[in-house]
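Asker: Dropping the sequence and predicted coords here.
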Number of protein chains: 2
Amino acid sequence: METIDDLREHGGANAYLRGCSSRTVLDAIANKWTCLLVDALQSGPVRFGVLRRRLDGITQKSLTQTLRTMERDGMVIRTLYPTIPPRVEYELSALGRSVLALMEGIKRWSEEHAVEIVVARDAYDVRIARDPEPIQTT
Amino acid sequence: METIDDLREHGGANAYLRGCSSRTVLDAIANKWTCLLVDALQSGPVRFGVLRRRLDGITQKSLTQTLRTMERDGMVIRTLYPTIPPRVEYELSALGRSVLALMEGIKRWSEEHAVEIVVARDAYDVRIARDPEPIQTT
DNA sequence: CAGCATCCAATTGGATACTG
DNA sequence: CAGTATCCAATTGGATGCTG
């Protein structure tokens, strides 16, 4: 069933469509590192090393790549201070700040529902182990 | 700089930490197919084939996998009607509905900012092509 | 219809070493 | 300090064929 929003999209964009640019945007922002980085940058410029320590488990490569992508997309502003040793700070642009509330929401939802979901996973795995092909008669 | 929310997390969960279950939850829900599926299921049960046609470009394998993961996480309820040929319907659980607004928000944001981001990407690529290592003197 | 199984190409991710 | 470069293992994704 189509809703009114499906027909009247935003500026003609429709993320359901493979070729639409909004699909590539959705693909770019919908991942854990982007979510955590937007959240981590919410209160002002942060140095590369601080971000690396804050996002536990991220590799230098992934951090560089994600920040570069976000910078290219206009969500993040990178400032290089040509000192020795160099200092680089990252901060959200206006565009980046415009998605902050959503990213905070996703992160918060993950934290608030983590236990519930772990329980659901365990229950599912037990159920599958008991009956590999659950034929539900409805 | 730490905010109060960083110290007083939700039920002890903190998605910044590698080992925290909320991190795996964040990783599971932050991807384009999950976002589009939650959105597509918002107004009631939908059949597998309908979803496949709606999410342009998704393969049968990816659709099955994403739906299975969401079912395992308790976000989606799968109902098999043992007819011939079989009919399978997917619908959001209460947990799935609780993340709907956020997913709609992400999808909508992608659509609303797609043009702006494509422009930013083009500008970035041109800038890099002109000057491979932009040394910004601040 | 709604899948599962399989094969294979392509992308991703980690570890390590090096540099202005 | 903040990267780049490289190598390699592991995961992902598409295409195809088959089935209750």
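Answerer: That came in fine, so what should we check first? Numbers count the residues shown, from 1 in each chain, chains lettered A, B, ... in the order given.
Asker: which bits of chain A sit near DNA strand C?
Answerer: Within chain A, the positions adjacent to DNA strand C are A:Gly57, A:Ile58, A:Thr59, A:Gln60, A:Lys61, A:Ser62, A:Pro85, A:Pro86 by C-beta under 7 Å from any atom of the strand. (Each C-beta comes from the backbone N, C-alpha and C, glycine too.)
Asker: Switch those over to TSV; also include distance to DNA strand D.
Answerer: Converted to TSV, the residues of chain A next to DNA strand C look like this (distance: C-beta to the nearest atom of the strand, whole Å):
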residue	distance to DNA strand D
A:Gly57	14
A:Ile58	12
A:Thr59	9
A:Gln60	5
A:Lys61	5
A:Ser62	10
A:Pro85	4
A:Pro86	5
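Asker: Give me the buried entries from those.
Answerer: When the residues of chain A next to DNA strand C are checked for burial by 16 or more other C-beta atoms under 10 Å in any protein chain shown, the buried set is A:Ile58.
Asker: right, and the helix or strand after the least confident helix or strand in chain A by mean pLDDT?
Answerer: In chain A, the helix or strand scored least confidently by mean pLDDT, DSSP states H and E is helix A:4-7, which has a mean of 54. Next along the chain after helix A:4-7, taking DSSP states H and E as the criterion, comes helix A:21-29.
Asker: residues from chain A in reach of DNA strand D?
Answerer: Checking chain A against DNA strand D by C-beta under 7 Å from any atom of the strand, the hits are A:47-50, A:60-61, A:64, A:67-68, A:78, A:85-88.
Asker: So which residues of chain A form helices?
Answerer: According to DSSP state H, chain A carries its helices in the segments A:4-7, A:21-29, A:32-40, A:48-54, A:60-72, A:94-98, A:100-130.
Asker: I'd like the distance between the residue in chain A that DNA strand D sits nearest to and A:Ile58.
Answerer: Nearest residue of chain A to DNA strand D: A:Gly49, at 2.7 Å (C-beta to the nearest atom of the strand). Counting by C-beta to C-beta, to the nearest Å, the separation of A:Gly49 from A:Ile58 is 12 Å.
Asker: got it, and A:Val88?
Answerer: 16 Å.
Asker: same check, this time on A:Arg130
Answerer: A:Arg130 is 38 Å from A:Ile58, by C-beta to C-beta.
Asker: for A:Lys32, what are its contacts?
Answerer: B:Ala15, B:Arg23, B:Leu26, B:Asp27, B:Ala30 (C-beta atoms under 8 Å, 6 or more residues apart in numbering or on different chains).
Asker: if we take those, which one ends up nearest to B:Arg121?
Answerer: B:Ala30 (20.9 Å; C-beta to C-beta).
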